[in-house]
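okay, sequence plus prediction incoming.
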Amino acid sequence: MGSDMQGSLWEATAQGRTDWPTLRGDVATDVAVIGGGFTGCGAALALAGRARVALLEAAEIGSGGSGRTGGQVIPGLKYDPDELERMFGPELGPRLVEAVGSVGDEVFGLIDRHGIACDAVRRGWLQPAISPRTLELVRRRCEQWARRGAPVVFHDRDRIAALVGSTIYHGGWEDGRAGHVQPLTLNRGLADTAARLGAQVYARSPVRSLQRDGGRWRLVTAGGTVTADTVLIGTNAYTDALWPGLARTVVPMVSLQAATDPLPPELGAAILPQGHCASDTRRLLWYFRRDAAGRLLMGGRGPFRDNVLPEDLVNVRAAVDRLFPQLRATPFRYHWGGKVAMTKDHLPHLHQLAPGAWTVIGYNGRGVGLGPLLGRFMAELALGGKPADIPFPITAMKPILGYPFTRTVARALVRYYRYLDKRETA
């Protein structure tokens with residue numbers, strides 16, 4: 001796979017401000033935001049100019065999952081619209097479906113309004129089907145979104161082959177609301193925009209304690225304190241023990257990615273020729289796209305540890321070779337991984353942890369779109385919005401029963417899902 005491989009492509013190519021100060025001294029504000037990913041920066045941006053807001057990031061802006069994601073902005077959740085409406089009822093269900101279907105408008109709207117140059121491309125998302133069974137699943141999914149007015153199209157085998165550049169799929173559907181971005185540049189751009197509009201942004205300022213003090217929240221870092229009426233936690237898969245029990249509501253999984261050098265036209269002309277991004281119907285899905293320079297990015301399930309090694313790329317390498325045989329001699333130049341927060345019910349959770357304390361956690365792989373949207377919802381709640389006006393369920397925090405065994409179960413499920421995917425595509 002080459003001895004000259006590098007780390008994250010996003011780190012190597014990102015633009016935007018990085019010289020954020022570390023918190024020194026004591027700050028009083030209306031809202032404190034913990035976490036400098038898409039959720040935290042989306043919340044801070046929504047609050048900037050409407051309230052005093054201070055954002056605290058433990059490391060660097062975008063250094064967690066947001067800056068390591070595949071950068072695909074995909075509307076919807078793991079469940080189809082009809083399922084969501086049955087789950088949440090006739091009042092909240094349709095509002096929830098509309099909200100999660102709007103994430104493309106949310107993200108690309110922010111990019112357009114604030115002039116964030118992050119290689120944004122909104123040419124749609126493809127979900128190609130690996131088998132006749134999953135082809136029927138995506139056909140129904142496409143029909144459900146079409147009934148709600150979404151710009152979606154179902155494609156037969158030949159058309160999906162032309163759009164993907166591979167003949168291995170049975171067909172699929174296209175969602176025109178979707179697109180892709182350079183995620184670390186977008187994350188930095190959201191933080192920079194929030195700061196220009198009045199937010200205080202601090203990096204390398206991990207919050208060591210969070211306590212109620214005289215009716216306000218007091219956040220303590222190594223260099224200072226922040227006192228606020230409301231606190232918003234947006235740490236997702238990188239959640240630690242700061243709020244007791246919160247980390248036990250999700251199972252962090254590692255998503256692995258690799259990227260080539262820019263592909264020469266003779267190799268890459270037929271691969272995603274219209275600029276789509278894609279993720280297929282495998283249980284352990286393959287997700288892939290081209291970046292602004294013409295590199296191919298391929299992602300999939302990673303190891304159960306944070307340090308991703310070149311030898312971990314065997315399944316990603318096999319995916320590229322299977323999809324695009326013309327690239328079998330094309331090495332990867334970059335490889336990296338990031339944590340994804342998975343929930344037991346495969347849904348994100350918006351929790352009121354205590355009076356004046358809110359969190360969103362568990363995007364299940366769709367945080368590029370959902371993070372800014374749900375960050376904005378938390379901002380509205382911090383500003384005094386009524387929970388009934390938020391088109392998303394607000395639930396009590398419930399740690400996963402038997403949490404110490406979740407990694408063992410997850411490992412077993414990964415092996416089982418890989419077997420099922422292999423059998424279904426044989």
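Good, I have the coordinates.

what's opposite the closest residue to N236 other than its chain neighbours in the beta bridge?
In this structure, N236 finds its nearest non-sequential neighbour in A341, 4.8 Å apart by CB to CB, 6 or more residues apart in numbering. Every C-beta, even on glycine, is put in place using the N, C-alpha and C of the backbone. Going by DSSP bridges, A341 is paired in beta bridges with P252.

can you report how many residues lie near A341?
Close neighbours of A341, defined as other CB atoms under 10 Å, add up to 24.

surely it and T359 touch.
No. Contact criterion CB atoms under 8 Å: A341 and T359 do not qualify, at 11.3 Å.

and the nearest residue to T239 once chain neighbours are set aside, how many neighbours?
Nearest non-adjacent residue to T239, counting by CB to CB, 6+ apart: A247, 4.6 Å away. Neighbour count for A247, taken as other CB under 10 Å: 20.

got a list of what A247 touches?
Residues in contact with A247 (CB atoms under 8 Å, 6 or more residues apart in numbering) are 239-241.

and the pLDDT at it?
Looking at A247, its pLDDT is 96.

that one should be in a strand, yeah?
No. Under DSSP: H, G, I helix; E, B strand; the rest coil, A247 sits outside any strand and is assigned helix.

now the closest residue to I390 other than its chain neighbours: how far from L370?
Closest residue to I390 in three dimensions, ignoring its sequence neighbours and counting by CB to CB, 6+ apart: F377, at 5.1 Å. Distance, F377 to L370, using CB to CB, to the nearest Å: 10 Å.

which one of these two is surrounded by more residues?
For F377 versus L370, the count of surrounding residues by other CB under 10 Å is larger for L370: 30 against 26.

distance between the host helix or strand of that one and the chain's centre?
If you go by DSSP states H and E, L370 is part of helix 367-382. Distance, stretch centre to chain centre, for helix 367-382: 12 Å (CA atoms, centre = their mean, to the nearest Å).

picking that back up, buried subset of the contacts of A247 as a ChimeraX selection?
Filtering these down to the buried ones (16 or more other CB atoms under 10 Å) takes a single ChimeraX command:
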select :239
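
closest to H276 among the contacts of A247?
T239 (32.5 Å; CB to CB).

thought the closest one was touching V360?
No. Counting by CB under 8 Å, T239 stays clear of V360, with 10.9 Å between them.

picking that back up, who are the contact partners of the residue nearest to I390?
By CB under 8 Å, 6+ apart, the contact list for F377 reads 350, 360, 390-392.

kindly report the same for A43.
Per CB under 8 Å, 6+ apart, neighbours of A43: 31, 33, 53, 232, 234, 375-376, 378-379, 382.

how about R196?
Here R196 is in contact with no residues (criterion: CB under 8 Å, 6+ apart).

show the end-to-end separation of stretch 319-330, please.
End-to-end distance for stretch 319-330: 13 Å, by CA to CA, to the nearest Å.

any low-confidence regions in this protein?
1-4 (pLDDT under 70).

at 80 instead, please
Applying pLDDT under 80 to the chain flags the ranges 1-5, 306, 426.

what are the structural domain limits within it?
Structural domains assigned to the chain are 9-69+184-248+344-407, 120-179+252-340, following automatic domain parsing.

ends of the first one, how far apart?
Distance between the two ends of domain 9-69+184-248+344-407: 28 Å, counting by CA to CA.

what does stretch 53-63 give?
Start-to-end, stretch 53-63 (CA to CA) is 21 Å.

ditto for stretch 346-364
Terminal-residue distance, stretch 346-364 (CA to CA): 6 Å.

which stretches in the stretch 151-300 of the chain count as strands?
152-155, 172-175, 179-180, 200-202, 209-213, 216-220, 224-233, 251-260, 277-279, 287-290, 296-301 (DSSP state E, counting those that start in this stretch).

got the buried residues for the host helix or strand of E83?
In the assignment (DSSP H and E), E83 maps to helix 81-100. For helix 81-100, burial by neighbour count (16+ other CB under 10 Å) applies to 81-82, 84-85, 88, 92-94, 96-97, 99-100.

from those residues, which is closest to T225?
Nearest to T225 out of the buried residues of helix 81-100 is A99 (CB to CB; 35.2 Å).

return the residues in contact with that closest one.
For A99, the contact set (CB under 8 Å, 6+ apart) comprises 373, 391-392.

neighbour count added to those residues, as TSV?
Below are the contacts of A99 laid out as TSV (neighbours: other CB atoms under 10 Å):
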residue	neighbour count
L373	24
P391	18
F392	22
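
can you redo the residues you listed as JSON lines with distance to L309?
Shown next, in JSON lines, are the contacts of A99 (distance: CB to CB, whole Å):
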{"residue": "L373", "distance to L309": "34"}
{"residue": "P391", "distance to L309": "42"}
{"residue": "F392", "distance to L309": "38"}
